[in-house]
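# When you get a sec, could you give me coordinates for this:
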Amino acid sequence: MLKWRNLLWVVLGLFLLAGAGIALAQDDEEPIPPFFTDGRLNGYDLAAPVVVYYTHDTVSGTKWGEFNEVITGLELWRVSGEGIGQKILELTNEEINAAVARGHMVFESDVPGFDLNVGSDGWLWVRCPGCDGKIYTFEWDDSGRTLNVPY
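Numbering: from 1, shown residues only. Sure thing, here's the model as predicted:
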């Protein structure tokens, strides 16, 4: 009788270990990092000293009752250490494209050190002083959202 009881405990232990192994194997997904969901382009950078948004407008679609959002430009917001935002640059698509057509590739904000740059390959980037004394840079591929000028 003692042998059967020991065998039963061994089998039960193996089932528990196998179940734990399956449960651990299914938990291999990487956790999603925290991010802002307010539409900012650099939403995954929680300590960003500048925030980039596309501005939008709602226009009527081709069908009755249909409305579409279109990108109309960009906004840069400076964020203080206390989390208070201040709009420092707002550009429309027309302003960006007209300036780029003239060869102007850097847009300076009202706050010294904060600027928006446009690359010849369609990438945009923002540079500004970071919280740690280093230069903060955020870059993204515009993919024709604001730039209509061929690059």
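# Report how many residues lie close to the residue nearest to Gly85 when sequence neighbours are not counted.
Distances taken as CB to CB, 6 or more residues apart in numbering put Trp77 closest to Gly85, at 4.5 Å, once the chain neighbours are dropped. No exception for glycine: its C-beta is placed from N, CA and C like everyone else's. Other residues within reach of Trp77 by the criterion other CB atoms under 10 Å amount to 20.
# Could you measure from Trp77 over to Cys131?
Trp77 sits 15 Å away from Cys131, going by CB to CB, to the nearest Å.
# Doesn't His104 belong to a strand?
No. Assessed with DSSP: H, G, I helix; E, B strand; the rest coil, His104 is coil; it does not lie in a strand.
# just checking, next helix/strand downstream of the least confident helix or strand in the chain by mean pLDDT?
Of the helices and strands making up the chain, the lowest-confidence element is helix 2-25, at a mean of 55, by mean pLDDT, DSSP states H and E. Per DSSP states H and E, the first helix or strand lying C-terminal to helix 2-25 is strand 50-60.
# Could you find the closest non-adjacent residue to Val126?
Val126 sits nearest to Phe138 (CB to CB, 6+ apart), 5.0 Å away.
# ok but that neighbour is inside a helix, no?
No. Assessed with three-state DSSP, Phe138 is strand; it does not lie in a helix.
# any idea how far Leu76 is from it?
As judged by CB to CB, Phe138 and Leu76 stand 10 Å apart.
# intersection of neighbour lists for these two?
Taking CB atoms under 8 Å, 6 or more residues apart in numbering as the contact rule, Phe138 and Leu76 both touch 50, 52, 126.
# for the strand or helix carrying Arg78, which positions count as buried?
Per DSSP H and E: Arg78 is located in strand 67-79. By 16 or more other CB atoms under 10 Å, the buried positions in strand 67-79 come out as 73-74, 76-79.
# Can you list the neighbours in contact with the helix or strand following it?
Using DSSP H and E, the helix or strand that directly follows strand 67-79 along the chain is strand 85-92. If you take CB under 8 Å, 6+ apart as the criterion, strand 85-92 is touched by 50-51, 55, 72-80, 107, 109-111, 114, 116.
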